[in-house]
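**Q** Need a 3D model of the following:
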Amino acid sequence: MQEHRNGDRYLPIREVAEKLHVSRASIYLWLKKGFPQPLKFGRSSRWSALELEEWLRTRPKGAYGEQGNE
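**A** Residues are numbered from 1 along each chain as shown. Presented below is the predicted three-dimensional model:
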């Protein structure tokens, strides 16, 4: 996890998938459906924890097929 000076955390795909209880492949499929886009840090992609939290609050429940305990 990387942290930016504004206090936001940037999560690697492994952590995003674990948080949402889905596979990494699901995350990449969701990118075509409006899932938050990652930021690039060199060759790696990271997702803003703040953007993910907002997405979790505002998305239609189950619309992405996720099953998680949030």
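**Q** what does the longest strand belonging to the chain contact?
**A** The single longest strand within the chain, with elements called by DSSP state E, is strand 44-48. Residues outside strand 44-48 that contact it (CB atoms under 8 Å, 6 or more residues apart in numbering) are 2, 8-13, 16, 36, 38-40. All C-beta atoms are positioned from the backbone trio N, CA, C, and that covers glycine.
**Q** Show me what secondary structure element comes after the helix or strand bottoming out on mean pLDDT in the chain.
**A** Scoring the helices and strands of the chain by mean pLDDT, DSSP states H and E places strand 2-3 at the bottom, with a mean of 54. Following strand 2-3 in sequence order, the next helix or strand is strand 9-11 (DSSP states H and E).
**Q** just how off-centre is that following strand within its chain?
**A** 9 Å (CA atoms, centre = their mean, to the nearest Å).
**Q** Now it: buried residues?
**A** Of the residues in strand 9-11, 10-11 count as buried by neighbour count, 16 or more other CB atoms under 10 Å.
**Q** And for stretch 49-58?
**A** Neighbour count says stretch 49-58 has 49, 51-52, 55 buried, by 16+ other CB under 10 Å.
**Q** Below-threshold pLDDT in the protein: ranges please.
**A** Residue ranges of the chain with pLDDT under 70: 1-5, 62-63, 65-70.
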